[in-house]
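What shape does this take:
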Amino acid sequence: MKKSALTLLALLLGLAQAHPVDEVVQGAYLTLAPGKVQLELDLTPGTQVAATVLSAIDTDTDGKITGTEARSYAKLVLRQSTLKLNGVVVSWTLDTVEMPPYSDLKTGNAVLKIYALAKRADAAGAQSLSYENRYQPVKSQWIANIFLLPAAGWQYGVTGQQHSNDGRQLTVKYQVTRS
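Purely as a prediction, here's the structure:
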């Protein structure tokens, strides 16, 4: 029993230290769907860098984040990412922003979520998607992944993908079929 308790404590301590305190962890989750690419970008600032991120969000420095401030910040972040479909740059359209309370962001205990969409035409055949995240308010860790959401008679299959060593870039080759 004592050994189990020590093991559990060690696991919990490991989980508590899993998020870097001196970095922003950025997870980009791209979903290929009929007529669009959806983006969920999760930003998790550590405690030592949260103030820097908050200063970019709370532009009037009142300790509160308004909807306007949240959307302005999200647009700033999106402008620093690039999506290419078959080699052509496509613009993101901001959908929604999930902004946690100021106090939670300040203590590094929150995830800020930015949702955006990019339109694309469905066509059968070989396709490619390339995503790059250049947003770096402070030291950061990046990851990007692709998900498939077939519907409306369209099917997608990944035929290859490549991540950059730093996680900022994702290139995906995929096949589109009409069922």
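
For residue 60, see how far away the residue nearest the centre of the chain is.
With the centre of the chain defined as its mean C-alpha position, the nearest residue by CA atoms, centre = their mean is residue 41, 2.1 Å away. With the distance defined as CB to CB, to the nearest Å, residue 41 ends up 24 Å from residue 60. (C-beta placed from N, C-alpha, C; glycine too.)

so residue 143 touches residue 167, yeah?
Yes: Residue 143 lies in contact with residue 167 (CB atoms under 8 Å); the separation is 4.7 Å.

Give the residue spans of this protein that score low on pLDDT.
Residues of the chain that meet the criterion pLDDT under 70 lie in 1-19.

Now residue 90. Its backbone dihedrals?
As for residue 90, its main-chain torsions (degrees, to the nearest 10) stand at phi -120, psi 140.

who's in contact with it?
With CB atoms under 8 Å, 6 or more residues apart in numbering as the criterion, the residues that contact residue 90 are 37, 83, 84, 118, 119, 120.

Specify the beta-bridge partners of it.
With DSSP bridges as the criterion, the beta-bridge partners of residue 90 are residue 83.

likewise residue 162?
Assessed by DSSP bridges, residue 162 has beta-bridge partners residue 171.

burial of the nearest residue to residue 145 once chain neighbours are set aside, as a residue count?
Nearest residue to residue 145 in three dimensions, chain neighbours excluded: residue 29, at 5.7 Å (CB to CB, 6 or more residues apart in numbering). Residue crowding around residue 29 was assessed by other CB atoms under 10 Å; the count is 16.

Buried ones in whichever helix or strand residue 29 is part of, by neighbour count?
Using DSSP states H and E, residue 29 sits in strand 24-33. Going by neighbour count (16 or more other CB atoms under 10 Å), the buried part of strand 24-33 is 24, 25, 26, 27, 28, 29, 30, 32, 33.
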